[in-house]
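S.K.: My questions are about this predicted structure, shown below with the sequence.
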Amino acid sequence: MKVSIAEIADLVQGRVVGDPDRMINGVAPFEQAGEHDITVAGNARFLKKINDCSAAAMIVPKDIEIPQRNLVQVANPMVAFARVLQHFHPPVRPLDGIHPRAEIGREFKYGQHISIGPQVAIGHHVTLGDQVWLHPGVVIGDKVAIGNDVIIHPNVTIQERTIIGNRVIIHSGTVVGSDGFGFAPDGTTYHKIPHTGIVQIDDDVEIGTNNAIDRGTFGKTHIRQGVKTDNLVHVAHNVTVGENTVLVAQVGISGSVTIGKNAILAGQAGIAGHLTIGDHVTVGPQTGVGKSVPDGQIVSAGIPEMPHRLWLRVVRTIPRLPDISKRLRRLEKRFKDIEKKLD
């Protein structure tokens, strides 16, 4: 594919500085871009190394001017770069049809241009919209409803009565709609609590590989519009994840948590049950959240790196902290008594 810089600028609603007719053959990262590629220099770290880059053109912030370089100035360089990548590497579309080795249940309804691969198992009373692509090994339970332009990658399981919206992508190995972790103890053993609810995934959601999203005990577990999850994320029963929230790898969310919109939960963050995480909240990596967090807050409690010898000293000190605290309080009291006598 060859595209002029002017055409790229039109695609991303940018402004060309330099030669608008220069042809671009590909897209590459800053350090690897060659004389026929376009790249992105979206922040000061890259802009300082402009002279080391061989790219034919660069996508830059709209206020950046670089002499003798071809530029596309835009408001948001990374979003523009993503659009250019999508243009050069459009998604592959499979052949339409149902593979003869797929197993299809009763009263299966589907739209136009569907592709169902080998070893797919579809239950009874399932509905698929238009342009749905089920890769090999996908399992769809009874009474599942899936919207338009959905891609479900190999070996995904969608349990019964799950609702999936439009333009959803679910990556390999994920299970949607399994039972939540609910048991009633009697002091000796545990009795399983049936989970009778569902999972609802709204439009424009992308779920990473090997996620586990549990159905509600009653009602539903709700993944709202625009949510993106990384690999190895667990969402427990009756959780609501708000619009355009991001869950990074190995995040664990306990039951009945409500997460607001545009939140970011960094890697290995854990949220205790029945809490509310507000809009635009950032939870740092390895942070255990034990109480609700209001809108706009940034909370962190992860383990920072440190030299190993210092870490050994810190670990030895931690068990002694309660005793050290008592001694400090006693010393404070003695100093106050001495100050009173001196006065």
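M.R.: Sure, I can see it.

S.K.: Remind me what the helix or strand harbouring Val314 packs against, helices and strands.
M.R.: Element membership for Val314, per DSSP states H and E: helix 308-317. Where contact means 3 or more CB pairs under 8 Å, 6 or more residues apart in numbering; DSSP states H and E, helix 308-317 is not packed against any helix or strand. Glycine gets a C-beta too; all of them are placed from N, C-alpha and C.

S.K.: what residues does that helix touch?
M.R.: Helix 308-317 is contacted by residues Met306 when judged by CB atoms under 8 Å, 6 or more residues apart in numbering.

S.K.: pLDDT score assigned to Arg45?
M.R.: Per-residue pLDDT puts Arg45 at 83.

S.K.: any idea which helix or strand comes after the strand or helix carrying it?
M.R.: For Arg45, the element it lies in under DSSP H and E is helix 44-47. Using DSSP H and E, the next helix or strand after helix 44-47 towards the C-terminus is strand 57-61.

S.K.: Can I get the helix or strand following that following strand in PDB? Just the C-alpha atoms.
M.R.: Heading C-terminal from strand 57-61, the first helix or strand you meet, by DSSP H and E, is strand 71-74. Provided in PDB are the C-alpha atoms of strand 71-74 (Å, rounded to 0.1, in the frame of the first residue of the first chain):
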ATOM      1  CA  LEU A  71       5.300  16.400   9.500                       C
ATOM      2  CA  VAL A  72       1.600  15.800  10.100                       C
ATOM      3  CA  GLN A  73       0.500  18.000  13.000                       C
ATOM      4  CA  VAL A  74      -2.500  16.700  15.000                       C
END
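
S.K.: Distance from strand 71-74 to the middle of the chain?
M.R.: Remark: strand 71-74 is offset 28 Å from the chain centroid, using CA atoms, centre = their mean, to the nearest Å.

S.K.: Residues touching it, excluding its own?
M.R.: If you take CB under 8 Å, 6+ apart as the criterion, strand 71-74 is touched by 5, 8-9, 12-18, 38, 57-65, 80.

S.K.: ok, Gln250 touching Ala266?
M.R.: No - the pair Gln250 / Ala266 is not scored as a contact, 9.8 Å apart, by CB atoms under 8 Å.

S.K.: Comparing those two, which residue is more hemmed in?
M.R.: The residue with more neighbours, out of Gln250 and Ala266, is Ala266; 20 against 17, by other CB atoms under 10 Å.

S.K.: where's that one relative to Leu247, distance?
M.R.: 9 Å (CB to CB, to the nearest Å).
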